[in-house]
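1. whatever this is, show me its structure:
(chains A and B)
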Amino acid sequence: MASAGGRIDPADKSDERSEEPKRGIGRRRFLTFAIAAPTLAVGGYVGYDATDAEALPSLPQPADLLDLGDVITLASRPTAWTMALRVETDGTVVFELPRAESGQGITTAVAMLVAEELDAKLSDVRVELADATPGLLWNQFTGGSTGMRTLWEPVRQIAAATRGRLVTAAAKRWGVEASALTTRDSAVVAADGRTLGFGALAVEAAATTAAPVTGLPKDAKNYKLIGTPTGRVDARDIVTGKAKYTMDIEVEGALATVVARPPTIRGAVVSVDDTAARAIRGVVAVTRIDSGVAVSATSFDVALKARDALKVTWKDGPAVGLSDTNVRSKLRSAVAPLVVPGLLSSHLDAEFDFAFVPHAPMEVLNAVADVRADRAEVWFPCQSPIVAQNEIARVVGLPVDKVTVHVTRAGGSFGRRLFWDPALEAAAVSKKIGKPVRLMWTRQDDTKHGRMRPASHHKIRATHLLGDVQAFEHRMAAVETDLKHGFGEIVSASGAAVSGPADGLLFFGLSATCPYNFGVVTQVLSEVPMPVPTGSWRSVYSANLRTAEEIVVDELAAKLGRDPVKFRTQMLKSARVKAVLAKVAAEGQWGKAMPAGWAQGVGVHEEYRSATACLVEIDARDPKAPRVTRATIAVDVGLPVNPTGLKAQMMGGLMDAISTVLQAGVHIDDGRVREGSYADFRYARQKQAPIKLDVFVMPPSGRPGGAGELGVPAAAAAVANAYARATRTRPRSFPINF
Amino acid sequence: MPTYRFSVNGEQVAVDVPADTPLLWVLRDHLGITGPKYGCGVGVCKACTSHMDGSAVTPCTVPVSDCQGRKVTTIEGLADGDDLHPVQEAWLTEDVAQCGFCQPGQIMAAAALLKKTKSPTDAEIDAIENVCRCGTYCRIRDAIKRAAAAM
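-> Below you'll find the predicted structure:
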């Protein structure tokens, strides 16, 4: 990696990964090929003459060399120094974090970095979510598990430089050499034991320009906090009910607002009779907006009652005529053709289908907006506030600098809050009625009109000879993922691509890899546009991609008479993945005897410069109500900043896996989402969670990789494989019990 | 409209709302008590779980007319001043929360369970149906067992 502030040359990365392409395709061309793939139907890298390949091991794939996180880090780097850390006179250290906090624990991890480098008490550090700050350019985006990857260097450097200033100020005050001073517990300490709290030095430190002591981050061997298991900094607020979410914020006069929405996806209002609704005491306004009819009232009970009293005539949405069956057939016909002829060699073919899955965060979508003639103020949880601010400004007809976007804590996201639809609705209503509003989607709104992980179809062919896999072809077709939340602009800003394929194919090329030496590996995505709302869902393409592949790996092992763990160990490319697999096999007692109807299953995944393996035990005696009873996970994120938070992310990924593989998804019936709440979108409950979970964090090495999305793909694969072994079936359609 | 009188977190309140007004909105929008969260409005996600006369209820499905003369406790009223309830302490020790949105309801469900049963079995813990979309269930189970041991 290049040093701070320097430019990271993508070509440097390949030197860390030893495998030089052996054939006539050089690294650079390789990258070029990946990043500027020429046609819409091609993602990842293809173009090899598959018959020309006896080559083992597999060549490195584009995402091995330059992945999504590298791109986002590159894009964020130019403005890294504009992030704000301030020391207040009461000793509080405040860092304005240009990221979203939706439970992934970035505020705690960043507070730890700041406290570490400042030698401040963690309790003195307050991490606030920064308002939308256009000057940060691409350094105010939360996604792709890039939080710690993008913040690791700049936050520590900013904190270290701040420490340097505080020490300099103390040296001046005391008239001593700065080099003789140390820092501890939010104070500068002199050789004779005198101390000066950071707060007492705040004003003088602000006037200091150059620090005579090092302003460089600590050597890793001196870490006291980084790497230490640490509870969330806001845990007490959460357990006492004091933590404020958007609908808990008091904005004077803000009217409770809900929206009557059409029965079909993106249907439209034809006419509305609001006589009965307006007659209800407490109703203040009924407003037509693009997405439906908004009712604003003095409280939500009144707004909901009035919404139900509206008589609205709707026009069908563009998805009418679309149902699960024709979604599937469209996807099936869209997959790119396989290249290796099936007749000429031993091969294993498999096809898979995955249903739509809503994000369904616990906190429904919502926003508070106060739009006046000359300015607007909006509060909502948001992963891409700068893009949102621009969109809000456009909708309310104000210059961007007159629109303030406050980023609030999110009650979950999983990718959903990359988009800002509720903020646009709230702003539109507030502008029309001239009053502040707090607009909330209901759970029904969220399930029936929210965004979804796209349904996908997968066709895989593994060609093998004498126990080796010669070719591994994966053709994925997915409903197009809406990435219009600034992703394409970020990639352009990173300099990694000037022009290229559609966003989804680019994203796929930057994230899809196969961790095995399977000869010639080709992974190709075809995206199919459909008139349904989609969005990145925790791990984006990887969950379905890797689940399908890991099932095939198990089936290949069985066909070749090999143990699934031993087969993987032999075929895996990277030592890190082998190590996490060995860890779960040992700790989870791989291969132990299980009663009939029970089985173990494994899966591995490598992405975000991290690696993980998952081993689960499933009780599938009742195949319609299986339960994962035990899970063992090993995770290598390079340097784990907060092992407690990291383990939490892996646990969450596991629950997403259990849910989406076994039982949770949504159906499309003639342009409508069938499900309406957690009653029928069956996200796992306590009774589906393993009784025993062990997460092992591998010893620290290098720098932090990504963690937030890492847990889903390996766990999904492990659950599917365990179910297959327990029931002696070959699962092909997910969720299995749907 | 009739006036309904009941206690919330030890304080007497009187509200003047229609009989079918859900307790959740009475708490949140009329009394400014925002600990109980809206997650579904139909008693399924249970994010709003609070106590009525010591038992767990979902205020989104309890009409205010059922509250007359009763004792309602929300997450804000669980601790004894600055002294946290053992369930809250266990939640901190296990670092259960992720996004935190469902946690007031989870904690109130766990506290109600421990009131009924001193040391709940895994099956009794499994019967808690509160949704946690972040998937913190394993830590919830550990925290309930820790709290049971502490109590």
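2. CA atoms for contacts and neighbours, from now on please.
-> Will do.
3. now for the nearest residue to residue A:76 once chain neighbours are set aside: which residues touch it?
-> Leaving aside its chain neighbours, residue A:76 sits nearest to residue A:139 (4.1 Å; criterion: CA to CA, 6 or more residues apart in numbering or on different chains). Applying CA atoms under 8 Å, 6 or more residues apart in numbering or on different chains to residue A:139 gives the contacts A:75, A:76, A:77, A:79, A:80, A:98.
4. point out the least confident member of these, please.
-> pLDDT across the contacts of residue A:139 is lowest for residue A:80, at 74.
5. measure that residue to residue A:667 for me?
-> Distance, residue A:80 to residue A:667, using CA to CA, to the nearest Å: 43 Å.
6. bridged to residue A:638, which residues?
-> residue A:704 (DSSP bridges).
7. next one: phi and psi at the residue of chain B found nearest chain A?
-> Residue of chain B nearest chain A, by CA to the nearest CA: residue B:99 (3.4 Å). With angles defined as degrees, to the nearest 10, residue B:99 sits at phi -70, psi -30.
8. skipping adjacent residues, who's closest to it in space?
-> Nearest to residue B:99 is residue A:103, by CA to CA, 6+ apart, at 3.4 Å.
9. same thing with residue A:676?
-> Residue nearest to residue A:676 in three dimensions, not counting chain neighbours: residue A:444, with 4.8 Å by CA to CA, 6+ apart.
10. the closest residue to residue A:349 other than its chain neighbours: helix or strand, and which one exactly?
-> Closest residue to residue A:349 apart from its sequence neighbours, by CA to CA, 6+ apart: residue A:461 at 4.5 Å. Taking DSSP states H and E as the definition, residue A:461 sits inside strand A:456-465.
11. quick one: buried ones out of the contacts of residue A:139?
-> A:75, A:76, A:77, A:79, A:80, A:98 (16 or more other CA atoms under 10 Å in any protein chain shown).
12. restricted to helices, list those.
-> Filtering the buried ones among the contacts of residue A:139 for membership in helices, criterion DSSP state H, returns A:75, A:76.
13. ok, residue A:353 - contacts?
-> Applying CA under 8 Å, 6+ apart, we find residue A:353 in contact with A:328, A:455, A:456, A:457, A:458, A:732, A:733, A:734.
14. and with 10 Å instead?
-> A:328, A:331-332, A:455-459, A:476-478, A:544, A:548, A:731-735 (CA atoms under 10 Å, 6 or more residues apart in numbering or on different chains).
15. beta partners of it?
-> residue A:457, residue A:733.
16. any idea of the pLDDT on it?
-> 98.
17. what does the one 5 residues further on give?
-> In this model, residue A:358 is scored at 98, pLDDT.
18. so what's the residue most central in space within chain B up against?
-> In chain B, the centroid-proximal residue (CA atoms, centre = their mean) is residue B:50; its distance is 2.7 Å. For residue B:50, the contacting residues are B:24, B:35-36, B:56-59, B:72-78, B:104-109, B:111-112, by CA under 10 Å, 6+ apart.
19. returning to what we had before: put together a markdown table for the contacts of residue A:139, with distance to residue A:129 on each row.
-> Converted to a markdown table, the contacts of residue A:139 look like this (distance: CA to CA, whole Å):
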| residue | distance to residue A:129 |
| --- | --- |
| A:75 | 20 |
| A:76 | 17 |
| A:77 | 19 |
| A:79 | 17 |
| A:80 | 15 |
| A:98 | 6 |
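20. name the nearest of those relative to chain B.
-> Closest to chain B, out of all of the contacts of residue A:139 and judged by CA to the nearest CA, is residue A:98, at 17.5 Å.
21. hang on, isn't the closest one packed against residue A:135?
-> No. Between residue A:98 and residue A:135 there is no contact under CA atoms under 10 Å: 11.1 Å.
22. among the contacts of residue A:139, which pair sits farthest apart?
-> A:75 and A:98 (13.9 Å; CA to CA).
23. look at residue A:50 and report its pLDDT.
-> So, for residue A:50, pLDDT stands at 29.
24. no wait, residue A:500
-> Per the predicted model, pLDDT is 50 at residue A:500.
25. the one 10 residues further on now?
-> Reading off the per-residue confidence, residue A:510 sits at a pLDDT of 83.
26. could you report the neighbour count for it?
-> The tally of other residues near residue A:510 (other CA atoms under 10 Å in any protein chain shown) stands at 26.
27. sec struct for it, please.
-> helix (DSSP: H, G, I helix; E, B strand; the rest coil).
28. any idea how far it is from residue A:195?
-> From residue A:510 to residue A:195 the distance is 50 Å (CA to CA).
29. cool, and residue A:422?
-> Here residue A:422 is placed at a distance of 50 Å from residue A:195 (CA to CA).
30. of the two, who's got more company?
-> residue A:422 (22 against 17).
31. can you pull out the strands in chain B?
-> Ranges of strands in chain B, per DSSP state E, are B:3-8, B:11-16, B:50-52, B:55-57, B:71-73.
32. after the helix or strand of chain A with the lowest mean pLDDT, which helix or strand is next?
-> The helix or strand of chain A with the lowest confidence, counting by mean pLDDT, DSSP states H and E, is helix A:27-35 at a mean of 26. With elements assigned by DSSP H and E, the helix or strand that comes after helix A:27-35 is helix A:62-65.
33. can you dump the C-alpha atoms of that next one in CSV for me?
-> This file holds the C-alpha atoms of helix A:62-65, laid out as CSV (Å, rounded to 0.1, in the frame of the first residue of the first chain):
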residue,chain,number,x,y,z
PRO,A,62,-9.8,-8.6,-11.2
ALA,A,63,-11.1,-8.2,-7.7
ASP,A,64,-8.1,-10.0,-6.4
LEU,A,65,-6.0,-7.1,-7.7
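34. close to chain B, is stretch A:689-699?
-> Yes. Applying CA under 10 Å from any CA of the partner chain, one finds stretch A:689-699 in contact with chain B at A:689, A:690, A:691, A:692, A:693, A:694.
35. highest neighbour count among those residues?
-> residue A:689 (25 neighbours).
36. residues contacting that residue?
-> A:627-631, A:651, A:654-655, A:658-659, B:126, B:135-138, B:141.
37. for it, give me phi and psi.
-> According to degrees, to the nearest 10, residue A:689 has phi -90, psi 150.
38. then residue A:665?
-> Dihedral angles for residue A:665 - degrees, to the nearest 10 - are phi -170, psi -180.
39. isn't it right up against residue A:356?
-> Yes. Look at residue A:665 against residue A:356 with CA under 10 Å: they come within range, at 5.8 Å.
40. which residues does the closest residue to residue A:588 other than its chain neighbours bridge with?
-> Sequence neighbours aside, residue A:632 is the residue nearest to residue A:588 in space, at 5.6 Å (criterion: CA to CA, 6+ apart). Beta-bridge pairing for residue A:632 (DSSP bridges): residue A:615, residue A:694.
41. and stretch B:44-60, which residues are buried?
-> Result for stretch B:44-60 [16+ other CA under 10 Å]: buried residues B:44-52, B:55-60.
42. ditto for stretch A:591-599
-> By neighbour count on 16+ other CA under 10 Å, the buried set for stretch A:591-599 is A:597, A:598, A:599.
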